[in-house]
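Participant: coords please:
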Amino acid sequence: MNINLKTFLIIALFLMVTACSSDSSNSPSDNSGNNSNPGYGSGPGYGSEDPDPDESTEGLTQLFDLVASWGEEGENSSYLEAFNSPNSIAVDSAGNFYVTEFNGDTVKKFTPNGELIKQWGITGDENGEFNAPTGITVDSFDNVYVSESGNSRIQKFNPDGEWLATFGEGLFTSAMVIASDSLDNLYVTDWGNGRVQVFDSEGTHLRTIGTQGAGSGQLSNPTGIKVDISDVLWVVDRGNHRIQKFTLEGEFIETIGKSGSQAGEFSTPTSINFDSARNFYVSELGNSRVQVFNELGESLGEIAPGVLDNPHGLVFDTNGSLYVADTGNNLIRKFKVK
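Facilitator: Residues are numbered from 1 along each chain as shown. Modelled structure (predicted):
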């Protein structure tokens, strides 16, 4: 019986998050069972440009205020388009942000205020088409790179969405999330193979980092990935419920976190990013939260407890505002530092 890759991924994600929920049954913050599609939500978006006063913001965090929830159909639909499983976000040099839609097979480009500028992509496997896009990054020239788990490849576009190149075909089981370094080299998590594939900006394959497994420097279903200001590669080792750090050449540095629901523990982590103070932020499916840590790895708390449902991508704009892909609610959330 033939099952397409997107269906397989959704079933696999469901089984993984269900298992995490069973293992963390004592955790009050484990909301994974509330979504019929735990990996990538498929229900309608609920939200507004301003936080709902009934959706209490008291105690959301000591660091951030929720200032916008984008993606609602209705009142703001003239410029805010509803999302279909938003999962990855990137920001360009002008502060515009790009969102991939896992189920919509589309990339959408917005102004910093949430006004839709451009969208491109339809379902398919030709150049400029997508099958389950899961990652997006922008290089120093504002070119846009999209990784696809369904087509297991990378596509490169100019800032207006015009296709430039396709590469990586045959090197992935499933190309998940993508990040770039200061030289515009690209780092792509390879879900099924437990590794990271590295390319230059033209698509030439440079090296492979990590191997399948649970030991130090090994990976299981890696997803989120980011290069920090010190050129350290951080990989979200989703299947092992931890973060691993490597040099850009692939030498293992250290492991952060373990499975659980307490501060500093993770349940199916998905994405990672950094603010200008070198604090790092990790989103989790199993605990439906975003945790904040200082550069030493000490917990600083959570962002929006009880608000997010299966959060994925995280990104900061040029003003220090944080955008979160609230995948289960089909929204993009915007937070500002208090």
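Participant: give me the beta-bridge partners of the closest residue to residue 293 other than its chain neighbours?
Facilitator: Excluding the flanking residues, the one nearest residue 293 by C-beta to C-beta, 6 or more residues apart in numbering is residue 280, at 5.3 Å. In short, each C-beta sits where N, CA and C put it, glycine included. Counting by DSSP bridges, residue 280 is bridged to residue 274, residue 293.
Participant: where exactly do the strands run in the stretch 1-150 of the chain?
Facilitator: 64-70, 86-91, 97-101, 106-110, 116-120, 133-138, 144-148 (DSSP state E, counting those that start in this stretch).
Participant: Generate JSON lines for those, with mean neighbour count as supplementary columns.
Facilitator: What follows is the strands of the stretch 1-150 of the chain, written out as JSON lines (neighbours: other C-beta atoms under 10 Å):
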{"stretch": "strand 64-70", "mean neighbour count": "21"}
{"stretch": "strand 86-91", "mean neighbour count": "26"}
{"stretch": "strand 97-101", "mean neighbour count": "26"}
{"stretch": "strand 106-110", "mean neighbour count": "22"}
{"stretch": "strand 116-120", "mean neighbour count": "15"}
{"stretch": "strand 133-138", "mean neighbour count": "25"}
{"stretch": "strand 144-148", "mean neighbour count": "27"}
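Participant: now for those strands, which one comes closest to residue 246?
Facilitator: strand 133-138 (17.6 Å; C-beta to C-beta).
Participant: Over that closest one, what's the mean pLDDT, rounded is fine.
Facilitator: Regarding strand 133-138, the rounded mean pLDDT is 98.
Participant: Quick one: neighbours of residue 297, just the number.
Facilitator: 13 (other C-beta atoms under 10 Å).
Participant: cool, and residue 105?
Facilitator: Neighbours around residue 105, by other C-beta under 10 Å: 22.
Participant: Identify the residues contacting it.
Facilitator: Contacts for residue 105 (C-beta atoms under 8 Å, 6 or more residues apart in numbering) come out as 121, 122, 123, 124, 129, 130, 131, 132, 133.
Participant: most neighbours, which of the residues you listed?
Facilitator: Neighbour-wise, these (other C-beta under 10 Å) top out at residue 132, 29 neighbours.
Participant: Is it in contact with residue 104, as I believe?
Facilitator: No - contact between residue 132 and residue 104 fails when scored by C-beta atoms under 8 Å: they sit 10.0 Å apart.
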